[in-house]
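Chemist: just a sequence and a predicted model for now, questions to come.
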Amino acid sequence: MHEVRAQVAGVPVAFDPVERVRAEDAVGRRVRLRGWVHRSRSSGGLLFLTLRDRTGTVPVTIRKDAVGAERFQAAEHVQLEGAIAVSGVVAEDPRAPGGREVRADQVEIIHAGEPFPIFKDQTEEFLLDKRHLAIRSQEFVQMFRLKAALLGALREFLTEEDVLEVTPPIITGNAAEGGAEAFAVDYFGRPGYLAQTAQLYLEAMLFPHERVYAITPSFRAEKSRTTRHLTEYTHLEVELAWCDLDGLFDFTDRMFVTVLHRLAERCPGELRALGRDPADLLRLSAPFDRIRYKDAIEKLRGQGFPVQWGSDLATAEERALTLERASPVWVTHFPVEAKAFYMLRTPGDPTTVEAGDLLAPEGYGEIVGASCRETDIDRLTERIKAVGANPADYDWYLDLRRHGSVPHAGFGTGLERILRWVTRREHIRDTTPFPRTPARHTP
C-alpha cells in the first residue's frame, strides 16, 4: 500500500489510510490521518472523534493539553462531515471499535463545515432530496463498495469466458422493445430514443466477435412505482453465437454462481453489514431449477391466483413462486405474444418462444431476461409488423439476417436488481447512488 503525500499547513506529510491504523501491528506507531468527522463529542479537556476515510473509520482522541487551547477549541467546532487532518500515536483501547484509537497531538482543520442536515428519523423524501449528502452514510458506503466488487467480478468472469466487452450507443433511432416505454428525444429535428437495451447492437457486434457483452445505462419510461423498478439502471447484456437455450441457461447459472461466490469470499464484511450472510451465497450451486411457463401458471392457479395462459407474471406471482426458495429459478417458454419480437419460436410449438426469466429467491422477482434470437428474416419481419412497428426502421437489424445469420442467444440483467436480492433491500433505490424513478430525476 502506497503512502499519500500532500501539504498540510505548507508542510509535506505522508498520510496513512485508516485500515493501516486498524492493523494488528499498528499499536505504538505514529500516524498521520485525514478525513471527515463521522461522530464527535467533547468532555472537559477531551474531544472524542470518529474519523472516516475511504478505508473505514477510526476513533481519535484529542486532548486540550496536547494540542493547545486554540486548536482544541477549533476542533470542537468542526461539524459532522467537516474535514480535518490529525497526527498522533496508535494506542490500544478495549472500548474502541477494533480495540485501537489514535491519540492525537496535532490537528489541522481543513474545512469546519456547516451543520450537517442529515440525522436520524428524517423522512424518506427529505433523504432523497439530500441524496448527495445521504450517500455518505456507512450503509451506502458498504453498498457501493459491494456494487463495485460485483461489477469487477462480472467483468472478470466474462473475460475468463472469452466474452469481449464492447461499447454500444445510448442514443438510438428506434425503440427496441416498444416506443411507449422509451424516452423520446429530439435528435437534431429527428426522433431519437434513450436506449432500453443494447441487444440489437450487441447482435451486430456478435458476428465479428462471436461472444460479446456490454455494461451500459438503460432507460425505461414505464410508470411503474414499485419497489423493484427504476427508470435508469445498470444493464449487463451478453450475446453468444452458436448457443441454444439450454446452453444459455447453463452459462448464466455458471456466471451467477461464480460471481456470487467471489463476492462472498471478497466482501464478507460488506455483505454482513447489509444483512446477508456470505454463507447463503456460497451455498448456491448450478444448475438452477427450471419450470415451464404453463406449469408455473397451473401452480399459481392452484394457489388461488387468477392467472391464465398469456397472463404476465406480476410481482405477487413471482413472489409466490420463489418465496420459499434459497436459489433462483428459471421460468421458461413464454407465450409468443408476451415477449419481444426478436425471440425465437420454440421448434415444434409455435405458440411459445425459446426464452426464460430468472427469478431471484426469497420473493425478489425477475433478475434476468434471456432468449434465443430469431434468425429467419421472414419470421422476424412478421413479428415486427405484429407489434405495430415498421420493418423499414429495422432494416439495418434485418441486414444481420441477410449476411451470415447463425444461431445465437443472449440475456440481460440489471445490477440493481441483483444487489436488491443479495443485500435484502426493501427498495431498489437503495442500490444506486442517485435513483431515477417516475417521480424523481434530481439531484
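Modeler: Perfect, I can see it now. All values derive from a computational prediction rather than experimental measurement.

Chemist: who are the contact partners of the residue nearest to His132 when sequence neighbours are not counted?
Modeler: Excluding the flanking residues, the one nearest His132 by CB to CB, 6 or more residues apart in numbering is Pro443, at 5.0 Å. To be clear about C-beta, it is placed using only N, CA and C from the backbone, and glycine gets the same treatment. Pro443 makes contact with Asp129, Arg131, His132, Phe434 under the criterion CB atoms under 8 Å, 6 or more residues apart in numbering.

Chemist: what pairs with Leu46 across the strands?
Modeler: Ser43, Arg63 (DSSP bridges).

Chemist: if I look at it, how far off is Val58?
Modeler: 17 Å (CB to CB, to the nearest Å).

Chemist: thinking again about what came up before, counting neighbours, which of the contacts of Pro443 end up buried?
Modeler: Asp129, Arg131 (16 or more other CB atoms under 10 Å).

Chemist: how about JSON lines for the contacts of Pro443, with secondary structure and distance to Ala104 added?
Modeler: Formatted as JSON lines, those follow (DSSP: H, G, I helix; E, B strand; the rest coil; distance: CB to CB, whole Å):
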{"residue": "Asp129", "secondary structure": "helix", "distance to Ala104": "35"}
{"residue": "Arg131", "secondary structure": "helix", "distance to Ala104": "32"}
{"residue": "His132", "secondary structure": "helix", "distance to Ala104": "30"}
{"residue": "Phe434", "secondary structure": "coil", "distance to Ala104": "35"}
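
Chemist: and which of the contacts of Pro443 is nearest to Asp53?
Modeler: Distance to Asp53 across the contacts of Pro443 (CB to CB) is lowest for His132, with 19.0 Å.

Chemist: report pLDDT for that closest one.
Modeler: Looking at His132, its pLDDT is 98.

Chemist: before we move on, what about the one 4 residues further on?
Modeler: Model confidence at Arg136, expressed as pLDDT, equals 96.

Chemist: so the closest residue in space to it that isn't next to it in sequence is in which element?
Modeler: Nearest residue to Arg136, sequence neighbours excluded (CB to CB, 6+ apart): Glu81, at 6.5 Å. Counting by DSSP states H and E, no helix or strand carries Glu81.

Chemist: which SS state does Phe411 fall under?
Modeler: strand (DSSP: H, G, I helix; E, B strand; the rest coil).

Chemist: and it, how close does it get to Glu237?
Modeler: For Phe411, the distance to Glu237 - CB to CB - is 7 Å.

Chemist: if you count what's nearby, which of the two comes out ahead?
Modeler: For Phe411 versus Glu237, neighbours defined as other CB atoms under 10 Å are more numerous around Phe411 (24 against 21).

Chemist: once you drop chain neighbours, what's closest to the more buried one?
Modeler: Ala370 (3.5 Å).

Chemist: how many neighbouring residues does Gly88 have?
Modeler: Counted by other CB under 10 Å, the residues lying close to Gly88 total 23.

Chemist: in a strand, it, correct?
Modeler: Yes - assignment of Gly88 by three-state DSSP places it within a strand.

Chemist: that one touches Arg103, doesn't it?
Modeler: Yes - using CB atoms under 8 Å, Gly88 is in contact with Arg103, at 4.9 Å.

Chemist: what sits in contact with each of these two?
Modeler: Taking CB under 8 Å, 6+ apart as the criterion, Gly88 and Arg103 both touch Val60.

Chemist: identify the residues contacting the host helix or strand of Val107?
Modeler: If you go by DSSP H and E, Val107 is part of strand 100-111. With contact meaning CB under 8 Å, 6+ apart, strand 100-111 is reached by 8-9, 21-22, 26-27, 31, 33-34, 51, 58-63, 66-67, 71-72, 74-75, 78, 82-93.

Chemist: which ones among those map onto helices?
Modeler: Among the contacts of strand 100-111, the members found in helices (DSSP state H) are Val21, Ala66, Val67, Arg71, Phe72, Ala74, Ala75.

Chemist: residues contacting Pro278?
Modeler: Ala264, Glu265, Cys267, Pro268, Leu271, Arg272.

Chemist: so which of these is the closest to Pro97?
Modeler: Once CB to CB is applied, the member of the contacts of Pro278 that ends up nearest Pro97 is Arg272, at 14.7 Å.

Chemist: now the closest one. Nearest residue, chain neighbours left out?
Modeler: Pro278 (7.0 Å).

Chemist: can you give me the strands for the stretch 151-300 of the chain?
Modeler: 164-165, 171-172, 184-187, 190-194, 211-219, 232-241, 289-292 (DSSP state E, counting those that start in this stretch).

Chemist: ok, which of these comes nearest Asp430?
Modeler: Smallest distance to Asp430 across the strands of the stretch 151-300 of the chain (CB to CB): 13.2 Å, for strand 232-241.

Chemist: strands paired with that closest one, and their directions?
Modeler: By DSSP bridges, strand 232-241 pairs with strand 211-219 (antiparallel), strand 408-414 (antiparallel).

Chemist: so which of the ones you listed is the most packed in?
Modeler: Scoring the strands paired with strand 232-241 by mean neighbour count under mean count of other CB atoms under 10 Å gives strand 408-414 as the most buried, with a mean of 24.
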